[in-house]
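*Asks:* build the 3D model from these lines:
(2 chains)
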Amino acid sequence: MEKMTSPYRWGMVIDLDRCTGCGACVVACQAENNVALCDKKEISEGRGMQWLRIERFWAGEYPDVRVRFLPVLCQHCHDAPCEPVCPVYASYHNPDGLNGQVYNRCVGTRYCGNNCPYAVRVFNFYPHTWPQPLDSQLSPDITVRSRGVMEKCTFCVQRIRRAKEEARGEERVIRDGEVQPACSQTCPSEALVFGNLADPRSRVSRLSRSPRRFQLLEHLGTHPSVYYLKGGGREHV
Amino acid sequence: MSDTPVARSATQLNDELLSSLRPPSRRWYLLVLFLLAVVAWGLVAFTWQVTHGMYVTGKNRPVMWGFYITGFVFWVGLSHSGTMVSSILRLSRANWRRPILRAAEAMTVFCILVAGLFPLIHLGRNWTFFYMIPYPNQRGLWPNFRSALLWDMTAITAYIIGSSLFLYLGMLPDLAVARDRSGGWRRKLYGLLAMGWRGSAHEWAVYHRASTLMAALIIPVAVSVHSIVAWDFAVTVVPGWHSTIFPPYFVIGAILSGVAAVITLMIIIRRAFNLEAYLTPLHFDNMGKLLLVISLLWSYAYFVEVQTTWYAHEPIEWEVFSFMADTYTPQLLLMLAGNSVVPIAFMCFRRLRRSISVMLTVSLLVNVAMFIERFLIIVPSLSHKNMPFAWGSYSPSWVEISVNIAAVAGFALLFVLFAKLFPIVALTDVRELEVREAEVPLGRTRLPSIAGKE
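*Replies:* Model (predicted):
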């Protein structure tokens, strides 16, 4: 299944009991990763570019209505359906257990997008530009994707890279909590916890063993790196 | 061949069957101009897409494949016509195949050429299509052989090469006849292509062996091509696509549309080149029987696919089917009528099978229905995948429709040009049949020649 040559296996735990559906993570992701800004028309056509979406579900009948939020991002599956179908290896698995996406290699067959059961891959249908002054805040660490290529959540791989370099300079491994993607950094209720699943003492590892845990579409056998927590258990963060 | 007039001289036959090579009429030029105009419009649409972006199509998230892939599967299916008619009937020694086999083989080549364009047209960055070709490069990058799209490309390339060779090989003796009867640049062209064919006994022996071998070899290629196209869908985890019956089901569907297309083609050629003496109601009767059998097989495969899903009632899978039935009810009914009810009901009757107008209607209907079938496989599954929050819908844009229409015109254009340049009726095969069927006078009666046994 996987050859682990790396001391890291990045993963995330999303506590749905803590998620307020505020959408800060979505905005943070958009700003961090040079994700294109889409107008109303693009989004209504189903061509919005969010790497992370908050699914909103209404439960119950009025007046006893409850709203449930489900943040869905790339699940960084260990048996990812998107990877083998790409004819040019634009979608690949890296040793840290991340689903990489090589924008320059992507020819735009969109096969990966079809085969992703979570529908988290977004395609650049439109050529995008950033209005001033937003074009000045584009991150220099990340490619600005052209039209015709597929893109998706990378767990902020640029942050992981930087942390790795710093750790290598000090001849150590990355400490727990040292690196986190923009979404979990921004989350005001700390619903999104990121870390190294290969380290059994990391916060994300401990949370992922919670009895409240589940994974999205577990039955498909994709082995996601993202765990969700919901209901019941007594364990608290 | 009771309807064929007996005792036609070889020269007469040559004249009649090569009549299509005579200098083109004004009507021919008009047709070519019209087809060129449609193809040019398709090119405009494609250029529009390349310069603007994929947003000019109707695709979105989650429906990332639409009319282009529908067109691709449809044309690959049509390309099974030549293989079906030519190889299978050649191997089973059905004599009635002879007048139509050249047209069917040419159709295969042109259909697969058109089909091969669609996956390239549908790329987000068409100009980087060569990344999918395994060529040596300084970056040391190879394409991903685990991807069904790579299998596709390999299979289609193999099929283009195989079917072109098959067409060319069968045409060798005819090219020699055409060479001997023409002058000017045509003589040079046919002379070059005939590769010095003289018609010696040895050449004929090799030719027969080679064409039988080719006929046997092209069948597995054809079956594999459409199985691989089916695997594009079957190997995914998309509900409604992930189905083990897809490869045989697709192959049957391909043969169904292929046989129907050959019938349409027979009618057009018969009319255009006045070949009423060679393409008789008997041929249509036989093709009708073939259509009946394949349509029954298709109905069975479709029934099995839907029945297992319905019985298991796995919620996500069933959602795809019920969404399809709700949203695309007219299309679904048209598909069932065109692929199953109408062909089966009509092709049971000899009178209808022998009626040219009925055959034309049914064969066109089958192919319309087959296009819908491909659409209903591709789009509803993507519209309602596993995550209900990300459900969507799709309708084709003018760009996709234009490109699909231009594909039809492009195919017709290739075919019309081919028919003007090369013998469209397999001359030597028909003459061989004439000889075999010759009747010898014996006393007051006429008896069939013993050569009639193949």
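*Asks:* let me see the contact set for the residue in the stretch 1-150 of chain B that chain A sits nearest to.
*Replies:* Taking CB to the nearest CB, chain A has its nearest neighbour within the stretch 1-150 of chain B at B:Gly124, 2.0 Å off. No exception for glycine: its C-beta is placed from N, CA and C like everyone else's. Each residue near B:Gly124 by CB atoms under 8 Å, 6 or more residues apart in numbering or on different chains is listed here: A:Cys106, A:Val107, A:Gly108, A:Thr109, A:Arg110, A:Phe123, A:Asn124, A:Arg147, A:Gly148, A:Val149, A:Met150, B:Met54.
*Asks:* so which of those residues are in strands?
*Replies:* Judged by DSSP state E, the contacts of B:Gly124 include A:Phe123, A:Met150 as members of strands.
*Asks:* who wins for neighbours among the contacts of B:Gly124?
*Replies:* Tallying neighbours with other CB atoms under 10 Å in any protein chain shown puts A:Cys106 at the head of the contacts of B:Gly124, with 28 neighbours.
*Asks:* check contacts around it.
*Replies:* Here A:Cys106 is in contact with A:Val88, A:Ala90, A:Gly148, A:Val149, A:Met150, B:Gly124, B:Arg125 (CB under 8 Å, 6+ apart).
*Asks:* any chance of these in a markdown table, with distance to B:Arg431 and pLDDT too?
*Replies:* Formatted as a markdown table, the contacts of A:Cys106 follow (distance: CB to CB, whole Å; pLDDT from 0 to 100):
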| residue | distance to B:Arg431 | pLDDT |
| --- | --- | --- |
| A:Val88 | 51 | 93 |
| A:Ala90 | 55 | 94 |
| A:Gly148 | 54 | 92 |
| A:Val149 | 57 | 94 |
| A:Met150 | 57 | 95 |
| B:Gly124 | 52 | 92 |
| B:Arg125 | 52 | 93 |
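*Asks:* what's the burial count for the closest residue to A:Pro7 other than its chain neighbours?
*Replies:* In space, and not counting its chain neighbours, A:Pro7 is closest to A:Val173: 5.3 Å by CB to CB, 6 or more residues apart in numbering or on different chains. Close neighbours of A:Val173, defined as other CB under 10 Å, add up to 17.
*Asks:* surely A:Val173 and A:Ala167 touch.
*Replies:* Yes. Using CB atoms under 8 Å, A:Val173 is in contact with A:Ala167, at 5.9 Å.
*Asks:* common neighbours of those two, please.
*Replies:* Counting by CB under 8 Å, 6+ apart, nothing touches both A:Val173 and A:Ala167.
*Asks:* stretch B:277-295: how far from the chain's middle?
*Replies:* Between the centre of stretch B:277-295 and the centre of its chain there are 17 Å (CA atoms, centre = their mean, to the nearest Å).
*Asks:* and for stretch B:422-433?
*Replies:* 20 Å.
*Asks:* got it, and stretch A:165-185?
*Replies:* The chain centre lies 17 Å from the centre of stretch A:165-185; the measure is CA atoms, centre = their mean.
*Asks:* ends of that stretch, how far apart?
*Replies:* 20 Å (CA to CA, to the nearest Å).
*Asks:* quick one: the nearest residue to A:Asp135 once chain neighbours are set aside from B:Asp326, how far?
*Replies:* Spatially, and ignoring its direct neighbours in sequence, A:Asp135 is nearest to A:Thr129 (7.5 Å; CB to CB, 6+ apart). A:Thr129 is 40 Å from B:Asp326, where distance means CB to CB, to the nearest Å.
*Asks:* one more: A:Asp79?
*Replies:* Look at A:Asp79 and B:Asp326: by CB to CB, they are 33 Å apart.
*Asks:* quick one: which of the two has more around it?
*Replies:* For A:Asp79 versus B:Asp326, the count of surrounding residues by other CB under 10 Å is larger for A:Asp79: 14 against 10.
*Asks:* which helix runs longest in chain A?
*Replies:* Using DSSP state H to define each element, chain A has its longest helix at helix A:157-169.
*Asks:* so what touches the next helix or strand after that helix?
*Replies:* Downstream of helix A:157-169, the first helix or strand assigned by DSSP states H and E is helix A:182-186. The contact list for helix A:182-186 (CB under 8 Å, 6+ apart) reads A:12, A:24-29, A:31-33, A:52, A:71, A:73, A:156, A:159, A:190, A:192-194.
*Asks:* so where's the chain shaky on pLDDT?
*Replies:* If you meant another chain, say so; for now it's chain A. Low-confidence segments of chain A (pLDDT under 70): A:1-4, A:232-237.
*Asks:* not quite, I wanted chain B
*Replies:* Applying pLDDT under 70 to chain B flags the ranges B:1-10, B:12-13, B:16-17, B:19-20, B:433-443, B:446-454.
*Asks:* quick one on the thing from earlier: confirm that the residue of the stretch 1-150 of chain B closest to chain A lies within a helix, as I assumed.
*Replies:* No. With DSSP: H, G, I helix; E, B strand; the rest coil as the criterion, B:Gly124 is coil rather than part of a helix.
*Asks:* got phi/psi on the residue of chain A found nearest chain B?
*Replies:* Closest residue of chain A to chain B, CB to the nearest CB: A:Gly108 (2.0 Å). Here is the backbone geometry of A:Gly108 (degrees, to the nearest 10): phi 90, psi 40.
*Asks:* thanks again, I'm all set now.
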